[in-house]
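Peer 1: after the sequence you'll find the predicted model.
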Amino acid sequence: DWTMGAYREEAIKRIRAQVGDGKVICALSGGVDSSVAAVLIHEAIGDQLTCVYVDHGLMRKGESAQVVGMFREHYNLPLIHADESELFLGKLEGVSDPETKRKIIGGLFIDVFERHAQEMGGADFLAQGTLYPDVIESVSFSGGPSVTIKSHHNVGGLPERMNMQLVEPLRELFKDEVRALGRELGLPPSFIGRHPFPGPGLAIRCPGEITRAKLDILREADAVYIDQIRKHGLYDDIWQAFVAILPVRTVGVMGDGRTYDYACALRAVTSVDGMTADYYPFSHEFLGETATRIINEVPGINRVTYDITSKPPGTIEWE
Ligand code: XMP
(Lines give C-alpha, C1' and ligand atoms only; values in the text may rest on other atoms or scores of the structure.)
Protein backbone atom coordinates (compact mmCIF):
# COMPACT_ATOMS: atom_id res chain seq x y z
CA ASP A 1 0.00 0.00 0.00
CA TRP A 2 1.78 3.14 -1.23
CA THR A 3 -0.22 5.50 0.98
CA MET A 4 0.71 3.65 4.14
CA GLY A 5 4.29 3.32 2.92
CA ALA A 6 4.50 7.10 2.68
CA TYR A 7 2.71 7.55 6.00
CA ARG A 8 5.17 5.21 7.65
CA GLU A 9 8.17 7.25 6.44
CA GLU A 10 6.54 10.50 7.47
CA ALA A 11 5.61 9.15 10.92
CA ILE A 12 9.13 7.88 11.51
CA LYS A 13 10.60 11.30 10.72
CA ARG A 14 8.16 12.96 13.11
CA ILE A 15 8.91 10.52 15.92
CA ARG A 16 12.66 11.10 15.53
CA ALA A 17 12.17 14.86 15.52
CA GLN A 18 10.02 14.75 18.65
CA VAL A 19 12.07 12.30 20.68
CA GLY A 20 15.63 13.27 19.76
CA ASP A 21 17.86 11.10 21.90
CA GLY A 22 15.27 10.79 24.69
CA LYS A 23 13.99 7.57 26.22
CA VAL A 24 10.51 6.28 25.48
CA ILE A 25 8.44 3.79 27.42
CA CYS A 26 5.35 2.06 26.09
CA ALA A 27 2.70 -0.12 27.72
CA LEU A 28 2.25 -2.97 25.27
CA SER A 29 -1.07 -4.75 25.72
CA GLY A 30 -0.97 -7.08 22.74
CA GLY A 31 -3.81 -5.15 21.14
CA VAL A 32 -3.47 -3.90 17.59
CA ASP A 33 -3.11 -0.21 18.50
CA SER A 34 -0.33 -0.44 21.07
CA SER A 35 1.43 -3.08 18.97
CA VAL A 36 1.48 -0.98 15.81
CA ALA A 37 2.58 2.08 17.79
CA ALA A 38 5.40 0.12 19.44
CA VAL A 39 6.70 -1.39 16.20
CA LEU A 40 6.59 1.97 14.42
CA ILE A 41 8.38 3.78 17.24
CA HIS A 42 10.95 0.99 17.47
CA GLU A 43 11.63 1.37 13.77
CA ALA A 44 12.15 5.10 14.30
CA ILE A 45 14.34 5.12 17.43
CA GLY A 46 15.40 1.50 18.06
CA ASP A 47 16.51 0.73 21.60
CA GLN A 48 15.60 4.16 22.92
CA LEU A 49 12.20 2.47 23.28
CA THR A 50 11.38 0.00 26.06
CA CYS A 51 8.03 -1.74 26.19
CA VAL A 52 6.37 -3.10 29.30
CA TYR A 53 3.82 -5.87 29.00
CA VAL A 54 1.81 -5.81 32.22
CA ASP A 55 0.56 -9.36 32.71
CA HIS A 56 -2.40 -9.17 35.08
CA GLY A 57 -3.10 -12.90 34.94
CA LEU A 58 -6.39 -12.22 33.19
CA MET A 59 -5.34 -13.00 29.63
CA ARG A 60 -6.67 -15.85 27.50
CA LYS A 61 -5.04 -19.26 27.12
CA GLY A 62 -1.45 -18.94 25.89
CA GLU A 63 -1.90 -15.27 25.05
CA SER A 64 0.87 -13.69 27.11
CA ALA A 65 3.51 -16.10 25.82
CA GLN A 66 2.31 -15.50 22.27
CA VAL A 67 2.44 -11.71 22.48
CA VAL A 68 5.75 -11.53 24.33
CA GLY A 69 7.28 -14.17 22.06
CA MET A 70 6.26 -12.38 18.90
CA PHE A 71 7.73 -9.03 19.92
CA ARG A 72 10.94 -10.41 21.32
CA GLU A 73 11.64 -12.90 18.54
CA HIS A 74 10.33 -11.24 15.39
CA TYR A 75 10.91 -7.63 16.28
CA ASN A 76 13.79 -7.87 18.69
CA LEU A 77 12.02 -5.21 20.66
CA PRO A 78 13.25 -4.48 24.22
CA LEU A 79 10.35 -5.80 26.26
CA ILE A 80 9.81 -6.31 29.98
CA HIS A 81 7.32 -9.07 30.76
CA ALA A 82 5.94 -7.92 34.11
CA ASP A 83 4.22 -11.00 35.49
CA GLU A 84 2.07 -9.44 38.17
CA SER A 85 -0.74 -11.99 38.26
CA GLU A 86 -0.23 -12.70 41.98
CA LEU A 87 -0.68 -9.02 42.77
CA PHE A 88 -3.76 -8.50 40.59
CA LEU A 89 -5.56 -11.71 41.52
CA GLY A 90 -4.76 -11.12 45.19
CA LYS A 91 -6.30 -7.65 45.18
CA LEU A 92 -9.32 -8.91 43.26
CA GLU A 93 -10.07 -11.63 45.78
CA GLY A 94 -13.65 -11.45 47.00
CA VAL A 95 -14.52 -8.56 44.68
CA SER A 96 -17.60 -9.02 42.53
CA ASP A 97 -18.77 -5.51 41.62
CA PRO A 98 -17.88 -4.84 37.95
CA GLU A 99 -16.80 -1.21 38.36
CA THR A 100 -14.77 -2.04 41.46
CA LYS A 101 -12.97 -4.72 39.45
CA ARG A 102 -12.18 -2.15 36.75
CA LYS A 103 -10.93 0.41 39.27
CA ILE A 104 -8.67 -2.10 41.02
CA ILE A 105 -7.22 -3.34 37.74
CA GLY A 106 -6.77 0.16 36.29
CA GLY A 107 -5.10 1.44 39.48
CA LEU A 108 -2.75 -1.52 39.80
CA PHE A 109 -1.88 -1.28 36.13
CA ILE A 110 -0.66 2.27 36.60
CA ASP A 111 1.27 1.37 39.79
CA VAL A 112 3.00 -1.58 38.13
CA PHE A 113 3.83 0.35 34.99
CA GLU A 114 5.24 3.23 37.00
CA ARG A 115 7.35 0.88 39.11
CA HIS A 116 8.89 -0.72 36.03
CA ALA A 117 9.50 2.68 34.45
CA GLN A 118 11.40 3.71 37.57
CA GLU A 119 13.36 0.47 37.65
CA MET A 120 14.62 1.13 34.15
CA GLY A 121 15.76 4.59 35.22
CA GLY A 122 12.74 6.56 34.04
CA ALA A 123 11.83 7.83 30.60
CA ASP A 124 11.23 11.16 28.91
CA PHE A 125 8.28 10.07 26.83
CA LEU A 126 5.27 7.81 27.15
CA ALA A 127 4.11 6.18 23.92
CA GLN A 128 0.42 5.44 23.42
CA GLY A 129 -1.59 3.90 20.62
CA THR A 130 -4.24 6.62 20.76
CA LEU A 131 -6.39 6.70 17.60
CA TYR A 132 -8.32 9.56 16.03
CA PRO A 133 -11.68 8.35 17.40
CA ASP A 134 -10.14 8.30 20.91
CA VAL A 135 -9.09 11.91 20.44
CA ILE A 136 -12.62 12.88 19.38
CA GLU A 137 -14.29 10.90 22.16
CA SER A 138 -12.24 12.53 24.89
CA VAL A 139 -13.65 15.90 23.81
CA SER A 140 -16.86 16.18 25.82
CA PHE A 141 -20.12 16.00 23.93
CA SER A 142 -21.78 19.36 23.45
CA GLY A 143 -25.32 19.78 24.72
CA GLY A 144 -25.06 17.66 27.83
CA PRO A 145 -22.92 15.67 30.17
CA SER A 146 -21.33 12.56 28.72
CA VAL A 147 -22.51 9.33 30.22
CA THR A 148 -19.97 6.73 31.16
CA ILE A 149 -21.56 3.31 31.25
CA LYS A 150 -18.32 1.47 31.89
CA SER A 151 -15.04 3.08 32.85
CA HIS A 152 -12.42 1.88 30.41
CA HIS A 153 -8.97 1.88 31.86
CA ASN A 154 -5.94 3.19 30.08
CA VAL A 155 -2.80 4.93 31.25
CA GLY A 156 -4.55 8.29 31.46
CA GLY A 157 -3.11 10.46 34.24
CA LEU A 158 0.28 8.81 34.06
CA PRO A 159 2.09 11.33 31.86
CA GLU A 160 1.45 14.19 34.35
CA ARG A 161 2.29 12.05 37.36
CA MET A 162 5.54 10.84 35.84
CA ASN A 163 6.35 14.12 34.15
CA MET A 164 6.49 12.62 30.67
CA GLN A 165 5.47 13.89 27.27
CA LEU A 166 3.25 11.80 25.05
CA VAL A 167 4.26 10.17 21.79
CA GLU A 168 1.10 9.24 19.89
CA PRO A 169 1.97 8.37 16.32
CA LEU A 170 -1.51 7.00 15.47
CA ARG A 171 -3.48 10.07 16.52
CA GLU A 172 -4.61 10.84 12.97
CA LEU A 173 -5.63 7.32 12.05
CA PHE A 174 -8.82 5.33 12.10
CA LYS A 175 -8.83 1.67 13.06
CA ASP A 176 -8.75 0.35 9.48
CA GLU A 177 -5.79 2.63 8.73
CA VAL A 178 -3.95 1.34 11.79
CA ARG A 179 -4.49 -2.19 10.51
CA ALA A 180 -3.13 -1.18 7.09
CA LEU A 181 -0.09 0.39 8.77
CA GLY A 182 0.36 -2.78 10.82
CA ARG A 183 0.39 -4.87 7.64
CA GLU A 184 2.85 -2.40 6.12
CA LEU A 185 5.08 -2.95 9.18
CA GLY A 186 4.91 -6.71 8.71
CA LEU A 187 2.69 -7.68 11.63
CA PRO A 188 1.09 -11.07 10.89
CA PRO A 189 -2.43 -10.83 9.38
CA SER A 190 -3.79 -13.18 12.05
CA PHE A 191 -2.56 -10.74 14.67
CA ILE A 192 -3.97 -7.67 12.95
CA GLY A 193 -7.36 -9.33 12.51
CA ARG A 194 -7.71 -10.29 16.16
CA HIS A 195 -10.96 -9.41 17.92
CA PRO A 196 -10.80 -6.52 20.40
CA PHE A 197 -10.04 -7.60 23.97
CA PRO A 198 -10.90 -5.43 26.99
CA GLY A 199 -8.19 -4.05 29.27
CA PRO A 200 -9.56 -5.79 32.40
CA GLY A 201 -9.45 -9.03 30.42
CA LEU A 202 -11.19 -12.12 31.76
CA ALA A 203 -12.12 -10.30 34.99
CA ILE A 204 -15.23 -8.93 33.28
CA ARG A 205 -16.04 -12.32 31.72
CA CYS A 206 -16.23 -13.91 35.13
CA PRO A 207 -19.30 -12.31 36.74
CA GLY A 208 -19.15 -12.50 40.52
CA GLU A 209 -15.99 -13.41 42.39
CA ILE A 210 -12.87 -14.21 40.43
CA THR A 211 -10.96 -17.33 41.41
CA ARG A 212 -8.00 -18.98 39.74
CA ALA A 213 -10.04 -22.16 39.32
CA LYS A 214 -12.81 -20.31 37.48
CA LEU A 215 -10.30 -18.45 35.33
CA ASP A 216 -8.66 -21.72 34.31
CA ILE A 217 -11.99 -23.26 33.33
CA LEU A 218 -12.92 -20.09 31.44
CA ARG A 219 -9.62 -20.09 29.52
CA GLU A 220 -10.13 -23.68 28.40
CA ALA A 221 -13.75 -23.15 27.35
CA ASP A 222 -12.86 -19.95 25.49
CA ALA A 223 -10.06 -21.69 23.62
CA VAL A 224 -12.41 -24.46 22.44
CA TYR A 225 -15.03 -21.90 21.36
CA ILE A 226 -12.56 -19.79 19.38
CA ASP A 227 -11.13 -22.94 17.82
CA GLN A 228 -14.64 -23.89 16.68
CA ILE A 229 -15.20 -20.42 15.21
CA ARG A 230 -11.90 -20.55 13.32
CA LYS A 231 -12.50 -24.09 12.07
CA HIS A 232 -15.86 -23.04 10.65
CA GLY A 233 -14.29 -20.01 8.97
CA LEU A 234 -16.41 -17.55 10.95
CA TYR A 235 -13.74 -15.61 12.87
CA ASP A 236 -13.51 -12.69 10.46
CA ASP A 237 -17.30 -12.28 10.22
CA ILE A 238 -17.51 -11.70 13.96
CA TRP A 239 -16.58 -8.51 15.84
CA GLN A 240 -15.99 -10.24 19.16
CA ALA A 241 -16.56 -13.74 20.50
CA PHE A 242 -15.85 -15.10 23.95
CA VAL A 243 -17.08 -17.28 26.77
CA ALA A 244 -18.30 -15.95 30.11
CA ILE A 245 -18.24 -18.34 33.06
CA LEU A 246 -21.40 -17.89 35.10
CA PRO A 247 -21.48 -17.69 38.91
CA VAL A 248 -23.85 -20.63 39.12
CA ARG A 249 -23.40 -24.37 39.16
CA THR A 250 -26.01 -26.68 37.73
CA VAL A 251 -26.75 -30.37 37.84
CA GLY A 252 -25.95 -32.62 34.92
CA VAL A 253 -25.49 -36.30 34.12
CA MET A 254 -22.30 -37.84 32.83
CA GLY A 255 -22.25 -41.61 32.30
CA ASP A 256 -23.85 -43.11 35.40
CA GLY A 257 -23.06 -40.16 37.60
CA ARG A 258 -24.41 -36.81 38.50
CA THR A 259 -22.30 -33.70 37.91
CA TYR A 260 -22.54 -30.34 39.63
CA ASP A 261 -20.48 -27.88 37.63
CA TYR A 262 -20.44 -24.35 36.23
CA ALA A 263 -22.67 -23.09 33.44
CA CYS A 264 -21.16 -20.84 30.81
CA ALA A 265 -22.47 -18.45 28.18
CA LEU A 266 -21.13 -18.10 24.67
CA ARG A 267 -21.15 -14.58 23.24
CA ALA A 268 -20.58 -13.54 19.63
CA VAL A 269 -21.58 -10.25 18.07
CA THR A 270 -21.29 -8.31 14.86
CA SER A 271 -20.63 -4.59 15.14
CA VAL A 272 -19.08 -1.67 13.31
CA ASP A 273 -17.63 0.22 16.26
CA GLY A 274 -18.65 -1.63 19.42
CA MET A 275 -21.26 1.03 20.23
CA THR A 276 -24.12 -1.08 18.97
CA ALA A 277 -24.04 -4.80 18.25
CA ASP A 278 -26.16 -7.71 17.07
CA TYR A 279 -25.80 -11.25 18.28
CA TYR A 280 -24.27 -13.52 15.66
CA PRO A 281 -26.75 -15.94 14.03
CA PHE A 282 -24.84 -19.22 14.40
CA SER A 283 -26.48 -22.32 12.96
CA HIS A 284 -28.02 -24.67 15.52
CA GLU A 285 -25.61 -27.29 14.26
CA PHE A 286 -22.62 -25.12 15.13
CA LEU A 287 -24.02 -24.32 18.56
CA GLY A 288 -24.78 -27.95 19.33
CA GLU A 289 -21.36 -29.14 18.23
CA THR A 290 -19.63 -26.40 20.23
CA ALA A 291 -21.62 -27.16 23.40
CA THR A 292 -20.76 -30.85 23.11
CA ARG A 293 -17.09 -30.09 22.63
CA ILE A 294 -16.93 -27.71 25.60
CA ILE A 295 -18.69 -30.14 27.93
CA ASN A 296 -16.52 -33.06 26.78
CA GLU A 297 -13.23 -31.19 26.74
CA VAL A 298 -13.53 -28.79 29.67
CA PRO A 299 -13.78 -30.29 33.15
CA GLY A 300 -15.78 -27.96 35.37
CA ILE A 301 -18.45 -27.00 32.84
CA ASN A 302 -21.59 -29.07 32.31
CA ARG A 303 -23.98 -26.58 30.72
CA VAL A 304 -23.59 -24.20 27.78
CA THR A 305 -25.94 -21.37 26.84
CA TYR A 306 -25.87 -18.90 23.93
CA ASP A 307 -26.44 -15.22 24.65
CA ILE A 308 -28.83 -13.72 22.05
CA THR A 309 -28.96 -10.21 23.50
CA SER A 310 -28.14 -7.35 21.17
CA LYS A 311 -26.63 -4.00 22.21
CA PRO A 312 -28.57 -2.04 23.26
CA PRO A 313 -30.15 -3.10 25.57
CA GLY A 314 -27.33 -5.49 26.48
CA THR A 315 -23.64 -4.68 26.43
CA ILE A 316 -21.11 -6.80 24.59
CA GLU A 317 -19.29 -7.90 27.74
CA TRP A 318 -21.19 -9.41 30.64
CA GLU A 319 -19.93 -6.76 33.06
P1 XMP B 1 -19.49 -3.12 26.09
O2 XMP B 1 -19.42 -4.32 26.96
O3 XMP B 1 -19.51 -1.82 26.87
O4 XMP B 1 -18.12 -3.09 25.29
O5 XMP B 1 -20.58 -3.19 25.08
C6 XMP B 1 -17.84 -2.32 24.16
C7 XMP B 1 -16.41 -2.62 23.75
O8 XMP B 1 -15.52 -2.15 24.75
C9 XMP B 1 -14.80 -3.22 25.32
N10 XMP B 1 -14.71 -2.99 26.77
C11 XMP B 1 -13.63 -2.54 27.40
N12 XMP B 1 -12.39 -2.25 26.93
N13 XMP B 1 -11.73 -1.69 29.13
C14 XMP B 1 -11.44 -1.83 27.81
O15 XMP B 1 -10.30 -1.58 27.43
C16 XMP B 1 -12.94 -1.96 29.67
O17 XMP B 1 -13.16 -1.82 30.87
C18 XMP B 1 -13.93 -2.42 28.74
N19 XMP B 1 -15.25 -2.76 28.90
C20 XMP B 1 -15.68 -3.13 27.67
C21 XMP B 1 -15.55 -4.47 24.97
O22 XMP B 1 -14.70 -5.61 24.93
C23 XMP B 1 -16.12 -4.11 23.62
O24 XMP B 1 -15.16 -4.26 22.59
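Peer 2: Okay, I see it.
Peer 1: just give the closest residue to residue 86, not the sequence neighbours.
Peer 2: Leaving aside its sequence neighbours, residue 86 sits nearest to residue 57 (C-beta to C-beta, 6 or more residues apart in numbering; 7.5 Å). (Each C-beta comes from the backbone N, C-alpha and C, glycine too.)
Peer 1: what is the three-state secondary structure of the one you found?
Peer 2: coil (DSSP: H, G, I helix; E, B strand; the rest coil).
Peer 1: by mean pLDDT, point me to the weakest helix or strand of this protein.
Peer 2: Ranked by mean pLDDT, DSSP states H and E, the weakest helix or strand in the chain is helix 158-161, scoring a mean of 70.
Peer 1: now residue 102: which helix or strand?
Peer 2: Here residue 102, judged by DSSP states H and E, is contained in helix 98-119.
Peer 1: quick check: mean pLDDT of that helix?
Peer 2: Mean per-residue pLDDT for helix 98-119: 95.
Peer 1: where's it relative to the chain centroid, distance-wise?
Peer 2: Distance of helix 98-119 from its chain centroid, counting by C-alpha atoms, centre = their mean, to the nearest Å, is 15 Å.
Peer 1: flag every buried residue along it.
Peer 2: Within helix 98-119, the residues that count as buried by 16 or more other C-beta atoms under 10 Å are 98, 101-102, 104-106, 108-110, 112-114, 116-117.
Peer 1: so residue 101 makes contact with residue 209?
Peer 2: No: in this structure, residue 101 is not within contact of residue 209 by C-beta atoms under 8 Å, at 9.9 Å.
Peer 1: any common contacting residues for the two?
Peer 2: The contact sets of residue 101 and residue 209 overlap at residue 95 (C-beta atoms under 8 Å, 6 or more residues apart in numbering).
Peer 1: so is whichever strand or helix holds residue 265 next to the ligand?
Peer 2: Element membership of residue 265 [criterion: DSSP H and E] is strand 257-270. No: counting by C-beta under 6 Å from any ligand atom, the ligand has no neighbours in strand 257-270; the shortest distance is 8.5 Å.
Peer 1: quick check: bridge partners of residue 127?
Peer 2: residue 26, residue 167 (DSSP bridges).
Peer 1: which residues touch the residue nearest to residue 86?
Peer 2: 83, 84, 85, 86, 88, 89, 215.
Peer 1: check residue 185 too.
Peer 2: Neighbouring residues of residue 185 by C-beta under 8 Å, 6+ apart: 8, 36, 39, 40, 43.
Peer 1: let me see the ranges of the helices in the stretch 101-250 of the chain.
Peer 2: Per DSSP state H, counting those that start in this stretch, the stretch 101-250 of the chain carries helices over the ranges 132-137, 158-161, 175-184, 189-192, 212-231.
Peer 1: ok, back up a step: give the other helices and strands that the helix holding residue 102 contacts.
Peer 2: Here helix 98-119 touches strand 24-27, strand 49-55, strand 79-83, helix 85-92, helix 158-161, going by 3 or more C-beta pairs under 8 Å, 6 or more residues apart in numbering; DSSP states H and E.
Peer 1: correct me, but residue 53 touches residue 82?
Peer 2: Yes: at 6.5 Å, residue 53 counts as touching residue 82 under the criterion of C-beta under 8 Å.
Peer 1: comparing these two, which residue is more hemmed in?
Peer 2: More crowded of residue 53 and residue 82, by other C-beta atoms under 10 Å: residue 53, with 23 against 19.
Peer 1: state the pLDDT value of residue 315.
Peer 2: We have a pLDDT of 97 for residue 315.
Peer 1: what is the neighbour count of it?
Peer 2: Neighbours of residue 315 under the rule other C-beta under 10 Å: 15.
Peer 1: where does it sit: helix, strand or coil?
Peer 2: Following three-state DSSP, residue 315 is assigned to coil.
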